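>>> Here is my input; please provide its structure:
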Amino acid sequence: MSKQIAVRLSDELVAFVDELVESGTERSRAAVVTRALERERRRAIAARDAEILARTGSDPELRGLAKHAVGLPSDLA
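Got it, this is the predicted structure:
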């Protein structure tokens, strides 16, 4: 399910979004906004997890996972 909302963006951001759509990088304005929000949500979760790890200390079981994750491709580039 999805819900339509209205957002106000600067002319500069709208031009950037339209550039992405016109170049074929994204299929629509909504796709650009959705991708950006999904990325921000992942960033916020990662920041929260990093705070928890900083408070609780290093977990030996997670070291291997962290080493593996570093080598995985990312869409954050």
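>>> my guess is residue 59 contacts residue 53, does it?
Yes. Here residue 59 reaches residue 53: they are 7.3 Å apart, a contact under Cβ atoms under 8 Å. Where C-beta positions appear, they are placed from N, C-alpha and C, glycine not excepted.
>>> So which of those two has more stuff around it?
residue 53 (13 against 10; other Cβ atoms under 10 Å).
>>> and residue 32, how many neighbours?
The local packing count at residue 32 equals 19, with neighbours defined by other Cβ under 10 Å.
>>> what's near enough to touch residue 27?
Residues counted as contacts of residue 27 (Cβ atoms under 8 Å, 6 or more residues apart in numbering) are residue 21.
>>> May I have the secondary structure class of it?
What DSSP: H, G, I helix; E, B strand; the rest coil gives for residue 27 is coil.
>>> Begin at 301, not 1, for the rest of this chat.
In the new numbering, first residue 301, that becomes residue 327.
>>> Can you name the helix or strand that residue 333 falls in?
In this structure, residue 333 is located in helix 329-356 according to DSSP states H and E.
>>> Listing request: residues of the chain with sub-threshold pLDDT.
Scanning the chain with the threshold set as pLDDT under 70 gives 374-377.
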